[in-house]
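In: pasted the sequence and its predicted model underneath.
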Amino acid sequence: MSTTVEKIKEIELEMARTQKNKATSYHLGQLKAKLAKLRKELITPSGGGGGAGIGFDVQRTGVASVGFIGFPSVGKSTLLNLLTGTHSEAADYEFTTLTTVPGCVVYNGAKIQMLDLPGIIQGAKDGKGRGRQVIAVAKTCHLIFIVLDVLKPLTDKKIIETELEGFGIRINKAPPNIVFRKKERGGINITSTVPLTNMDNDEIRAVLTEYRISSADIAFRCDATIDDLIDVIEEKSRRYIPVIYALNKIDSVTIEELDLLYRIPNSVPISAEKGWNVDELLEMMWTKLDLKRIYTKPKGQAPDYTSPVVLKANACTVEDFCRSIHKSILDSFKHAIVYGQSVKHQPQRVGLGHVLMDEDVVTIVKK
Ligand SMILES: Nc1nc2c(ncn2[C@@H]2O[C@H](COP(=O)(O)OP(=O)(O)OP(=O)(O)O)[C@@H](O)[C@H]2O)c(=O)[nH]1
Ligand SMILES: [K+]
Ligand SMILES: [Mg+2]
């Protein structure tokens, strides 16, 4: 019996050997689905526990978390220490950090947890080093800093992206716009609002057969690839997480080299050791986290701009606002009065379902 890792290697080899054409598309679709299933096997913790493992589970605090991923000695711990004032051992030898080290930064009034992690190496997702535990922690974060050494950013970037991808993390990407509904009967019904140029019916059929799906409605609303389809079928094991590339150690390159680095999308060149350009990194972090600051205004008083209630973009209704203060508020809630971007009239009376925007000012009126 070969191991899961060996089986994956065999399939990857076979895919590399198989030319993509009309005659092979069914076979390739089948291989891709098989690969996705094996990967899932690999990343599902055995023994049923959902935790990442000893030394990797830390108490989670704050409204959002940022995980640090990178090769050994790129400066992850130095960066954590700089941003949060925590002490995580930093040294010039690899694998200095062996567990998750949490720190905390308050930015725009929002408490954000930062998680320094051990370095990963190529093959991490297949169980090399502690890669699987490390990536499992990153998968629970709202944002990932991929920390790269500026002296070799592009090769490292590619390797790390592949490791995260293999673990079901989709970076800087929205979920594919595919509506997938499994049914008891009725066969496969495929519709699309745009021409599908990346896959043919044989490939789709192969994937569905591999997943033993015989009845489903599938509506493609984007020019999806077969990998997108698999992601939608495997929805539960996928996470769509924004990433910032922190290009560290810019104190060791020239201005000309720095200029080139700025062309990498979603990247911020920094020096964790010298504290250079940290403001830009935090600003981009804030943008990517997409948090909403809501200021409370007690009736008849000035708004409190010092300590906003911070909400996530996917949960920022008036109801979410009330809940995050105290759920008992909901019992006596009559309506809310809102000033800010989310309302047309200043102020405007709204109900629990109203969606708030960044820097809105809210007064809760009780029954
Ligand atoms: N020149 C320079 N060196 C840096 C910078 N940031 C970190 N270093 C050095 O790089 C080495 C590794 O730093 P660490 O912070 O331990 O790196 P790490 O990524 O946490 O390493 P592991 O925990 O082993 O994976 C140390 O010698 C740091 O002093 C930087 O901005 N510039
Ligand atoms: K180190
Ligand atoms: Mg470290």
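Out: Perfect, thanks for sending it. Ligands and ions are numbered 1, 2, ... in the order given.
In: residue contacts, the closest residue to V268 other than its chain neighbours?
Out: Closest residue in space to V268, ignoring its immediate chain neighbours: L281 at 4.5 Å, by Cβ to Cβ, 6 or more residues apart in numbering. The C-beta positions use only the backbone N, C-alpha and C, and glycine is treated the same way. Listed by Cβ atoms under 8 Å, 6 or more residues apart in numbering, the contact set of L281 reads F145, I244, A246, V268, I270.
In: can you pull the phi/psi pair for the fourth one?
Out: Going back to what we said before, that points to V268. Dihedral pair for V268: phi -130, psi 120, per degrees, to the nearest 10.
In: ok so, going back, in helices, which of the contacts of L281 fall?
Out: Using DSSP state H, no member of the contacts of L281 sits in helices.
In: of those - the most surrounded one?
Out: Top of the contacts of L281 by neighbour number is F145, holding 31 neighbours under the definition other Cβ atoms under 10 Å.
In: do I have it right that that residue meets G75?
Out: No: using Cβ atoms under 8 Å as the test, F145 is too far from G75 to be in contact (10.7 Å).
In: on that earlier part again, make JSON lines from the contacts of L281 and add distance to H354 and pLDDT to it.
Out: What follows is the contacts of L281, written out as JSON lines (distance: Cβ to Cβ, whole Å; pLDDT from 0 to 100):
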{"residue": "F145", "distance to H354": "34", "pLDDT": "98"}
{"residue": "I244", "distance to H354": "31", "pLDDT": "98"}
{"residue": "A246", "distance to H354": "37", "pLDDT": "97"}
{"residue": "V268", "distance to H354": "35", "pLDDT": "95"}
{"residue": "I270", "distance to H354": "39", "pLDDT": "96"}
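In: point out the ones among these that are inside strands.
Out: F145, I244, A246, V268 (DSSP state E).
In: show me where pLDDT drops low in the stretch 201-350 of the chain?
Out: For the stretch 201-350 of the chain, no stretch is flagged by pLDDT under 70.
In: put the alpha carbons of stretch 137-156 into PDB.
Out: Only the C-alpha atoms of stretch 137-156 are listed here, as PDB (Å, rounded to 0.1, in the frame of the first residue of the first chain):
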ATOM      1  CA  VAL A 137      -3.100  27.800  12.000                       C
ATOM      2  CA  ALA A 138      -2.700  30.200   9.100                       C
ATOM      3  CA  LYS A 139      -5.900  28.700   7.600                       C
ATOM      4  CA  THR A 140      -7.900  30.000  10.600                       C
ATOM      5  CA  CYS A 141      -6.600  33.600  10.200                       C
ATOM      6  CA  HIS A 142      -8.400  36.500   8.600                       C
ATOM      7  CA  LEU A 143      -5.200  37.700   6.800                       C
ATOM      8  CA  ILE A 144      -1.800  36.100   6.100                       C
ATOM      9  CA  PHE A 145       1.500  37.900   5.900                       C
ATOM     10  CA  ILE A 146       3.700  35.900   3.600                       C
ATOM     11  CA  VAL A 147       7.100  37.100   4.800                       C
ATOM     12  CA  LEU A 148       9.800  37.000   2.100                       C
ATOM     13  CA  ASP A 149      13.500  37.700   2.100                       C
ATOM     14  CA  VAL A 150      14.000  40.400  -0.500                       C
ATOM     15  CA  LEU A 151      17.100  38.600  -1.800                       C
ATOM     16  CA  LYS A 152      15.100  35.800  -3.100                       C
ATOM     17  CA  PRO A 153      11.400  36.900  -3.100                       C
ATOM     18  CA  LEU A 154      10.000  35.400  -6.300                       C
ATOM     19  CA  THR A 155      11.100  31.800  -6.100                       C
ATOM     20  CA  ASP A 156      10.100  31.600  -2.400                       C
END
